[in-house]
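**Q** Output the structure for:
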Amino acid sequence: MKRIFWIFTGSLFLWLPLCAQQRQLDLKEAIRIAQLHSVDAAVALNELRTAYWQYRAYQADQLPEVVFTGTLPAYNNNYDKYQQSDGSYTYVQDNSLALDGEVSVNQNIALTGGKVSLSSSLDFNRQLGTGAYNEFMSLPVSLTLTQPIFGVNDQKWNRRIEPLRYREAKASYLESVEDVTVTTITNFFNLLSAQENLEVAKQNLDNADKLQRIAVARRKIGQISESELMQLNLSALQAKGLLTEAESNLRAQMFQMRSFLGLSEQDTLVPVLPERIPPMRMDYNEVLEMAQENNAFAKRMARTQLEADYAVATAKGNLRSISLNASIGYTGTEHTIAGAYNPLRGNQVVEVGLSIPLLDWGKRKAKVKTAESNRELLLSQNRQEEQNFNQNIFLLVENFNNQATQLEIAEKADTLASKRYATAIEAFMLGHIDILDLNDARNSKDEARLKHVTELQKYWTYYYDLRGLTLYDFIHHTNLDADFRALIRNK
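**A** Numbers count the residues shown, from 1 in each chain. All right, here's what the predicted structure looks like:
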């Protein structure tokens, strides 16, 4: 039994590594997966859905609303105080059953900020107890208008603000997707750098072991000193330590990348060095124009300015309040339903309400001044933010245009440093250079390789930063867009 157990356990440990799926991962594929499955992308999508349903609520507020209200039923069996004709009070019993219902069609008037309602209702009351009887009251049709005279027109302001808010939300979603892309680039190149470090550490360890063996032979024939031999032995030990450190760092970066992309822990990711973007040069004025047209920043500034104007208009409207309520229609009462509808009598109500402060110690005026001051403060802040926004775009354009040259230099330096190290190893074996020159060549090679990867990361990051600010694809020359309706409805 023990033998079978150990055979099974050994087979299991041999089988487990085969379960891990090794997959090559290029930058475009990593970006695609992140935009579909990352937590950041899900957060951006939920924010878009919230803005969409808020906009839908605004749209529905502009359409007629059909409402049914009723009491089904209301039963009373109690005593109420009643004043008689001579001024004295007595208590009378109320023993009744009541039903009522009303259907109304309500429509907001965007032009004036008022509201018009068309309604029809029927009330039923049955007096219970001795001499019970029924009573019906109908209101077949009634047209009611509610109109503020000097107050702020909320409908007008919402009609200006809410569409702009939704356009801002759509632009913010596209920017969030580009932010996910930039985060993906960071994680991808961190993984790629860790992989390059591991490859460099393996190569350095192989070279250190090879040089150590050669140095032992050369020491026997007196071609190198004991100090140089000890230095090579130390370099071999250091190379082993660096290899262990590189392996640990690669596992950590791979875990972070898998978590960000939502991949299985069984996947072994092998990042592929991405190609550079097709040669292009950005023009600051063109980039700025596209950013001002597409970016959520410009829409957010316009919205906040409108909201500040709305707050001032609301404060001024509250200085006094006059409203008009008018209702016209027909009504009828009878002991039967048919009699309640025939004959009908007119039913008109006109009411003008006033609310004018005579002495409020300047409270309402202070609120107006506060709203105006807040608006001025907002305008100043927006001007400062616009300057910072334009400066950020200018710096990004400069960095991107300069980065192409930096990347080209890093590529050439990487190639030259690798050739120099290969030549240094041969020269050391022939005794033409010492250990210090060899170590310098190795360090230069390692630094040049990592520098190449870093400069490539900067190049891609600057490009996608500009895409995120302008919402423009500079490779295909099109604005970034999405099927927002499908995104919102896709649960």
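
**Q** Correct me if wrong, but Leu139 is in a strand.
**A** Yes: counting by DSSP: H, G, I helix; E, B strand; the rest coil, Leu139 falls inside a strand.

**Q** okay, the residue located most distally from the centre of the chain: pLDDT?
**A** Going by C-alpha atoms, centre = their mean, the residue of the chain most distant from its centre is Asp86, 72.6 Å out. At Asp86, the model reports a pLDDT of 87.

**Q** Any chance you could list what contacts stretch 398-411?
**A** 276, 279, 281-282, 284, 448, 451-452, 454-456, 458-459, 462-463, 466 (C-beta atoms under 8 Å, 6 or more residues apart in numbering). For glycine as for every other residue, the C-beta is placed from the backbone atoms N, C-alpha and C.

**Q** switch the cut-off to 10 Å
**A** Contacts made with stretch 398-411 from outside it, assessed by C-beta atoms under 10 Å, 6 or more residues apart in numbering, are listed as 276-277, 279-284, 287, 448-463, 465-466, 474.

**Q** among the residues you listed, which are in helices?
**A** 284, 287, 448-463, 465-466 (DSSP state H).

**Q** are any of these buried, and which?
**A** 287, 448-453, 455-463, 465-466 (16 or more other C-beta atoms under 10 Å).

**Q** Using PDB, write down the CA coordinates of stretch 134-141.
**A** Output in PDB follows, covering the C-alpha atoms of stretch 134-141 (Å, rounded to 0.1, in the frame of the first residue of the first chain):
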ATOM      1  CA  ASN A 134     -75.200  55.800  -1.200                       C
ATOM      2  CA  GLU A 135     -73.700  59.000  -2.600                       C
ATOM      3  CA  PHE A 136     -71.600  59.400  -5.800                       C
ATOM      4  CA  MET A 137     -69.600  62.400  -7.000                       C
ATOM      5  CA  SER A 138     -68.100  62.400 -10.400                       C
ATOM      6  CA  LEU A 139     -65.500  64.700 -12.000                       C
ATOM      7  CA  PRO A 140     -65.600  63.400 -15.600                       C
ATOM      8  CA  VAL A 141     -63.000  65.900 -16.900                       C
END
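
**Q** ok, and for it, which residues are buried?
**A** Glu135, Phe136, Ser138, Leu139, Pro140.

**Q** Just give me the closest of those to Ala298.
**A** Nearest to Ala298 among the buried residues of stretch 134-141, counting by C-beta to C-beta, is Leu139 at 51.9 Å.

**Q** The closest one reaches Gly329, doesn't it?
**A** Yes: Leu139 is within contact range of Gly329, at 6.1 Å (criterion: C-beta atoms under 10 Å).

**Q** quick one: common contacting residues for these two?
**A** Contacts common to Leu139 and Gly329, judged by C-beta under 10 Å, 6+ apart, are Ser119, Ser120, Ser121, Leu344, Asn347.

**Q** could the residues you listed go into TSV alongside pLDDT?
**A** Below are those laid out as TSV (pLDDT from 0 to 100):
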residue	pLDDT
Ser119	91
Ser120	91
Ser121	91
Leu344	79
Asn347	74
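
**Q** a markdown table please, covering these and showing secondary structure.
**A** What follows is the shared contacts of Leu139 and Gly329, written out as a markdown table (three-state DSSP):
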| residue | secondary structure |
| --- | --- |
| Ser119 | strand |
| Ser120 | strand |
| Ser121 | strand |
| Leu344 | coil |
| Asn347 | strand |
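
**Q** Quick one: buried ones out of these?
**A** Ser119, Ser121.

**Q** where does this protein have low pLDDT?
**A** Within the chain, the ranges that satisfy pLDDT under 70 run 1-21, 218, 223-224, 354-355, 491.

**Q** Adding distance to Leu211, write the buried residues of stretch 134-141 out as a markdown table.
**A** Shown next, in a markdown table, are the buried residues of stretch 134-141 (distance: C-beta to C-beta, whole Å):
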| residue | distance to Leu211 |
| --- | --- |
| Glu135 | 112 |
| Phe136 | 109 |
| Ser138 | 107 |
| Leu139 | 104 |
| Pro140 | 105 |
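
**Q** Just give me the closest of those residues to Pro357.
**A** So of the buried residues of stretch 134-141, ranked by how close each gets to Pro357 (C-beta to C-beta), first place is Leu139, at 36.4 Å.

**Q** Figure out how far the one helix or strand Ala313 maps to is from the centre of its chain.
**A** Per DSSP states H and E, Ala313 falls inside helix 296-317. For helix 296-317, the gap between its own C-alpha mean and the chain's C-alpha mean amounts to 22 Å (C-alpha atoms, centre = their mean, to the nearest Å).

**Q** ditto for stretch 359-370
**A** On C-alpha atoms, centre = their mean, the centre of stretch 359-370 falls 39 Å from that of its chain.

**Q** same check, this time on stretch 158-171
**A** 15 Å.

**Q** residues making contact with that stretch?
**A** Under C-beta under 10 Å, 6+ apart, the answer for stretch 158-171 is 47-52, 54-59, 61-62, 108, 110-111, 113, 153, 294-304, 306-307, 309-310, 471, 480-482, 484, 487.

**Q** how is this structure carved up into domains?
**A** 25-62+153-195+259-320+361-489, 65-76+88-109+114-152+321-356 (automatic domain parsing).

**Q** Mean neighbour count, the ones you listed: which tops it?
**A** domain 25-62+153-195+259-320+361-489 (a mean of 16; mean count of other C-beta atoms under 10 Å).

**Q** quick one: terminal-to-terminal distance for that one?
**A** From the first residue to the last, domain 25-62+153-195+259-320+361-489 extends over 30 Å; the measure is C-alpha to C-alpha, to the nearest Å.

**Q** quick one: that domain to chain centroid distance?
**A** That offset, for domain 25-62+153-195+259-320+361-489, works out to 12 Å (C-alpha atoms, centre = their mean).

**Q** How about stretch 219-235?
**A** 61 Å.

**Q** End to end on that stretch, go ahead and measure it.
**A** From its first residue to its last, stretch 219-235 covers 16 Å (C-alpha to C-alpha).

**Q** Now do the SS call for Ile87.
**A** Rather than Ile, residue 87 is Gly. coil.

**Q** mind listing what it touches?
**A** Gly87 neighbours (C-beta under 10 Å, 6+ apart): none.

**Q** do the same with Arg219
**A** If you count contacts by C-beta under 10 Å, 6+ apart, then Arg219 has Ser225, Glu226, Glu228, Leu229, Met230, Leu232 around it.

**Q** quick one, strands of the stretch 51-200 of the chain?
**A** Applying DSSP state E, counting those that start in this stretch to the stretch 51-200 of the chain gives strands spanning 65-83, 89-108, 115-127, 133-148.
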